[in-house]
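sequence first, then the predicted structure, then my questions.
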Amino acid sequence: MSYFLNCRECVDLLHDYVEGGLDVDDHKELDEHLSVCPPCLHFLKTYRSCSEIVQQLREQKVQIPMELQNRLKSFLKDRIGKADLA
Amino acid sequence: MKTNEASQEELIEGLKQLDVNVVDGFVDQFSRPLFGVILNYTKNPSDAEEILQDTLLKIIRKIDTFRRESDIWPWMKKIAVNNAIMWLRKQTSSRKREVRLDDWMPQFNDDGELEYPVFSWSGDPEEVMLNRELSSQLYDAIQSLPFEYRAPLALRDIEGYPVKQISSLLGLKEATTKTRIHRARLFVRERLAHYFEGRP
């Protein structure tokens, strides 16, 4: 099967495709390739899905150990006490 | 994260005056979210603690330069991100676990076609984060990225910075930044594909 774009070229364009930075011609060629190439369509879906999953880390709720908070307070008090903030 | 205006005003004044009680409250309120931001750049606990310590100190030192009409959290977060990037750039010890990206890029045959079957998988991102095994795979994948790729990915996909700002922050051309984000995403995709498809 021959396409105007091959799969390698298709994958190379995915960043700009999902970010909306492709020019009209490239966009059209990529859409044409995706319409006849299920592996690349799956690849696009999973590429996009990954990006969305990584975005979830933005909302991650981490725990901070109490000992670490206490060390930070002591460190800052020490620097303030010495007026050593520079 | 948003602080209400009264408490923000008290915080700024207290930090300016180096009021010890306000500094304690500042640590109580902001060390956890700042730690969360820093952990996106390093999972090494001692690195993260040093970066956090330095970030808190820088925030106090620079509090005079904060524009009061804006919310203080994005300003603090930016200091943490800059600090993490500058600090990690200097580290060589954090590079021990880094992988060769080329080993995890998609493979193509001579005709430029994908060399192996590609399965469609996806998940509700929120549910994925509740899946401990999967979120652990994700953390490991991001942490094993070389710093030159991890930083652009974290800045774009986790922090949501535009490519132009990332380029400026990292001193890269925009085209280089885009390439690194793309390759980092391909790497993470491949790692998650192995997980979802049960590949070794």
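Great, that's in hand. Numbers count the residues shown, from 1 in each chain, chains lettered A, B, ... in the order given.

now residue B:141: closest residue in space, sequence neighbours ignored.
Closest residue in space to residue B:141, ignoring its immediate chain neighbours: residue B:191 at 3.9 Å, by Cβ to Cβ, 6 or more residues apart in numbering or on different chains. C-beta coordinates here come from the backbone N, C-alpha and C atoms, glycine included.

what residues of the helix or strand where residue B:185 lies count as buried?
Using DSSP states H and E, the element containing residue B:185 is helix B:174-196. Buried residues in helix B:174-196, counted by 16 or more other Cβ atoms under 10 Å in any protein chain shown: B:177-193, B:195-196.

off-centre distance for it?
Offset of helix B:174-196 from its chain centre (Cα atoms, centre = their mean, to the nearest Å): 15 Å.

report all helices and strands that that helix contacts.
When contacts are defined as 3 or more Cβ pairs under 8 Å, 6 or more residues apart in numbering or on different chains; DSSP states H and E, helix B:174-196 sits against helix A:14-19, helix A:38-55, helix B:132-143, helix B:147-153, helix B:163-170.

could you point out which of these sits nearest residue B:114?
With Cβ to Cβ as the criterion, residue B:114 lies closest to helix A:38-55 of these, at 4.8 Å.

next secondary structure after that closest one?
Next element after helix A:38-55 (DSSP H and E): helix A:66-81.

next, the contact list for residue A:21, please.
A:15, B:178 (Cβ atoms under 8 Å, 6 or more residues apart in numbering or on different chains).

quick check: pLDDT value at it.
Reported pLDDT at residue A:21 in the predicted model: 87.

swap in residue B:183?
At residue B:183, the model reports a pLDDT of 96.

just for the chain, where's the confidence low?
As the question left the chain open, I've gone with chain A. A:1-3, A:59, A:83-86 (pLDDT under 70).

wait, chain B
Within chain B, the ranges that satisfy pLDDT under 70 run B:1-6, B:92-98, B:123, B:125-126, B:128-129, B:199-200.

need the nearest residue in space to the residue in chain A that chain B sits nearest to, chain neighbours excluded.
Chain B sits closest to residue A:6 of chain A, with a gap of 3.1 Å, by Cβ to the nearest Cβ. Distance criterion Cβ to Cβ, 6+ apart; nearest residue to residue A:6, sequence neighbours excluded, is residue B:112 at 3.1 Å.
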